[in-house]
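Engineer: just a sequence and a predicted model for now, questions to come.
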Amino acid sequence: MNAPVDVSFFARAAKPLGSYRKYWASRFGTAPFFPMSRAEMEKLGWDSCDIVLVTGDAYVDHPSFGMAVIGRMLEAQGFRVGIIAQPDWQSAEPFKVLGKPNLFWGVTAGNMDSMINSYTADRKIRSDDAYTPGDIGGKRPDRAAIVYSQRCREAFKDVPIVLGGIEGSLRRIAHYDYWSDKVRRSVVVDAKCDLLLYGNAERAIVEIAHRLAAREPVQDITDVRGTAFVRRPDDASGKDWFEIDSTSVDAPGRVEAHVNPYMTTSEQAAEQGATCEREDPAAQGAQETAAAPVKTMLFVANPALKAKLKVPPRDRSVIRLPSYEQVKADPVLYAHANRVLHLETNPGNARALVQAHGAGVTARDVWITPPPIPLTTAEMDMVFDLPYARSPHPSYADAQGSHDGETKIPAWEMIRFSVNIMRGCFGGCTFCSITEHEGRIIQSRSEDSVIKEIEDIRDKVKGFTGTISDLGGPTANMYRLGCKTPEIEAACRKPSCVYPGICQNLTTDHGPLIKMYRRGRALRGIKKILIGSGLRYDLAIQSPEYVKELVQHHVGGYLKIAPEHTEQGPLTKMMKPGIGSYDKFKTLFDKYSLEAGKKQFLIPYFIAAHPGTTDEDMMHLAVWLKKNSFRADQVQTFYPSPMATATAMYHSGRNPLRKIHRTIESADESVDIVRGEKRRKLHKAFLRYHDANNWPLLREALKNMGRADLIGNGKHHLIPTFQPLSDGAYQSARRKNSTPVAGRLLTQHTGLPPRVTGSEKNTKAPLRKARPSLKP
């Protein structure tokens, strides 16, 4: 058995989180909640805050909320932290409520990108916000990271601004903005922040806080990993770096001098300052007595081929990307810059990046340091073992102290009984931004830490009835998986460890996860542990024992997985496995469900209108769905999130998974893009082939595609020839099998059999938790 890799290999270059000397304010102790008002500060005995965090989310003191994690980590270092949650951004006054921060502002748009939070994939305004009390939309501005930063600067001009969160992470370089349909500048430039922290920011924020507390100027803090900042092109501090020019495509690499074929070997050697003579001891003795020395010509390797440039050290190398103006004007260069960025994401070998913005007196360079060093298991335990209140701030409660009704925060309700066991994802799906934000190296907590959190939920969280709703993370089953050797992991530059197949250097042992499951469900007071995170089924089938454990003990009637498509065209652009892996998993799922005497179902997710998807691909998917009796009533349409590889495809029509050329040299370098409302609507209609409202559009499309044979009234046909006399509205299983909550419907999203409300065991499905991804 191969032991999982501990990220301590990388941590040798990082200062441990627990090794800093605590700031003097640690004497104030731990706050039950971070203050959100002056009155709360006075109650804690504070006259000021060292750091004020501004967030677009409601303040929930729980490790699933980024501001709570950052706040508790800073508090553990001895700093006094205050929080301003969802402030009114119309003026700077609400940003002054806690007074002037002693050290810096910490700004984030929240757990979600503010634009994705506010708009659907069709650019329609959402009316709800799961991170706001009462699920009310409109409590945060568009591009909240920029707006909040500007208001902080207005409130207290001389206080440094440190920007973080997923919105900042995904906008650290010039990026395509789907909502305005243009390339925008780096958020560092637009927000005018002093530092941007991207990815998991515990290491960076702790180091920066201590350096600012030691009165180091913020403009001098340019050597922290996982940060971005602005420099003037003439700044001398950037001159001691070896710059690699990557501002164009199809440019030649290093050029070696041609060898003159008319020169003798000795002449070539002399030109290089070398010699072709070889001293022989016997010949040397003879030369001493001879009147004339004798030179012996011996064969040597051509010295011109040895005169190569030395590779510069990676830790002092910086790659110059095409400028903002270049990528804005040239989609090919945009795709090239995206490819380079994704090649420089492994903390073990990534180099710094720099991108020019502007020209002349307005010229500035955005510098991006290499990604942060992953946390060790001990550090992950430290982060999750901090003294979280595991509850929303008391200001959201009603007079009875309840968080029900209008003050309920849906995102909190969704995760209040769940446990995060790891970070990161090595899947590399091109439409997802987890890898760009959290990295592809898995950072796992210890089993003891996870068990302790389950016990804390059991003993401390109000309303707990014995069911843990999820034990997972970005992916359900990557816990303690990683490269077989740290040396290979540190050198690897592949975007995925599981595509096009599972890497031979990847450990796939699910033993530690199985052991944790068994230990967790054996705890006193724990009736059930469900797995709500998405399952990577191509990994799961490598361990039938894990599939059996999962299916027979941790599925509440339904299990969600994400094939995303059935056809190779879009799957190769998504970097997802073929549908054959799904079929293998389904066979195991059905087998072990039958053995346990349970009637359980798989919920497959599919994406419409993804780059690389043709109309024929969607037609074949619809046929597959009908053949397998799936009726989806919630459809996921591709949503171009900033910096994702699939978004680069959408904008440029090129495939950054391949080397970018100015002219297309092979078929796999170009990508079929689904643009326009009509075609996107058609692809969605194929996923909802059962909705009579879609039948006229599908009939027209099938006839144009030469597939009128799929129109008919038989079981083998996709859609019928007739149209219902009513409005054709399809009443989905979601509505039939629904629980009304404050005017909304909460239920499963497919047309699978509805919940059994009687006494039949193991067939009642839990309310579905929203899928943790950037797709709507």
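Structural biologist: Structure's in. What do you need? Residues are numbered from 1 along each chain as shown.

Engineer: who's in contact with stretch 515-534?
Structural biologist: 418, 421, 447, 450-451, 454-455, 458, 465-476, 479, 549-550, 553-556, 559-562, 605, 766, 769, 771-773 (C-beta atoms under 8 Å, 6 or more residues apart in numbering). Placement of C-beta: from N, CA and C, glycine included.

Engineer: in strands, which of those appear?
Structural biologist: Counting by DSSP state E, these place 418, 467, 468, 470, 471, 472, 559, 560, 561, 562, 605 in strands.

Engineer: what segments of the stretch 101-250 of the chain are helices?
Structural biologist: With helices called from DSSP state H, counting those that start in this stretch, the stretch 101-250 of the chain shows them at 114-118, 144-155, 165-169, 187-191, 202-213.

Engineer: the stretch 601-750 of the chain too?
Structural biologist: So, for the stretch 601-750 of the chain - with DSSP H, counting those that start in this stretch - the helices run 615-627, 645-652, 677-687, 695-704, 733-736.

Engineer: nearest to residue 609, of those?
Structural biologist: helix 677-687 (4.4 Å; C-beta to C-beta).

Engineer: ok, residue 681 - how many residues close by?
Structural biologist: Other residues lying near residue 681 total 15 when counted by other C-beta atoms under 10 Å.

Engineer: surely it touches residue 700?
Structural biologist: No: applying C-beta atoms under 8 Å as the test, residue 681 and residue 700 come out as separate, 11.8 Å apart.

Engineer: poorly predicted segments of the stretch 351-500 of the chain, please.
Structural biologist: Applying pLDDT under 70 to the stretch 351-500 of the chain picks out residues 398-406.

Engineer: I meant the stretch 1-150 of the chain, not that one.
Structural biologist: If you take pLDDT under 70 as the line, the stretch 1-150 of the chain has these spans: 1-13.

Engineer: rewinding a little: tell me the most buried of the helices of the stretch 601-750 of the chain?
Structural biologist: helix 645-652 (a mean of 26; mean count of other C-beta atoms under 10 Å).

Engineer: what's the mean pLDDT across it?
Structural biologist: Mean per-residue pLDDT for helix 645-652: 97.

Engineer: give me the residues contacting it.
Structural biologist: 176, 178, 183, 331-332, 334-335, 338-339, 342, 430-431, 495, 573-574, 610-612, 638, 640-641, 654-657, 671, 673.

Engineer: ok, now how distant is the spatially closest residue to residue 156 that is not a sequence neighbour from residue 625?
Structural biologist: Leaving aside its chain neighbours, residue 156 sits nearest to residue 100 (4.8 Å; criterion: C-beta to C-beta, 6 or more residues apart in numbering). Applying C-beta to C-beta, to the nearest Å, the value for residue 100 to residue 625 is 58 Å.

Engineer: and for residue 349?
Structural biologist: Applying C-beta to C-beta to residue 349 and residue 625 gives a distance of 42 Å.

Engineer: the longest helix belonging to the chain to helix 615-627, inter-axis angle?
Structural biologist: In the chain, with assignment by DSSP state H, the single longest helix is helix 579-595. When axes from the mean of the first three to the mean of the last three C-alpha atoms, to 10 degrees is applied, the directions of helix 579-595 and helix 615-627 differ by 10 degrees.

Engineer: run a quick neighbour tally on residue 388.
Structural biologist: Neighbour tally, residue 388, other C-beta under 10 Å: 21.

Engineer: show the contacting residues for it.
Structural biologist: Counting by C-beta under 8 Å, 6+ apart, residue 388 has contacts 61, 62, 63, 68, 72.

Engineer: need those residues in CSV with secondary structure, neighbour count and distance to residue 156, can you?
Structural biologist: Conversion of the contacts of residue 388 to CSV gives the following (DSSP: H, G, I helix; E, B strand; the rest coil; neighbours: other C-beta atoms under 10 Å; distance: C-beta to C-beta, whole Å):
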residue, secondary structure, neighbour count, distance to residue 156
61, strand, 24, 25
62, coil, 20, 29
63, coil, 19, 29
68, helix, 25, 24
72, helix, 22, 24
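
Engineer: between these, which sits nearest residue 665?
Structural biologist: Nearest to residue 665 among the contacts of residue 388, with distances taken as C-beta to C-beta, is residue 63, at 48.2 Å.
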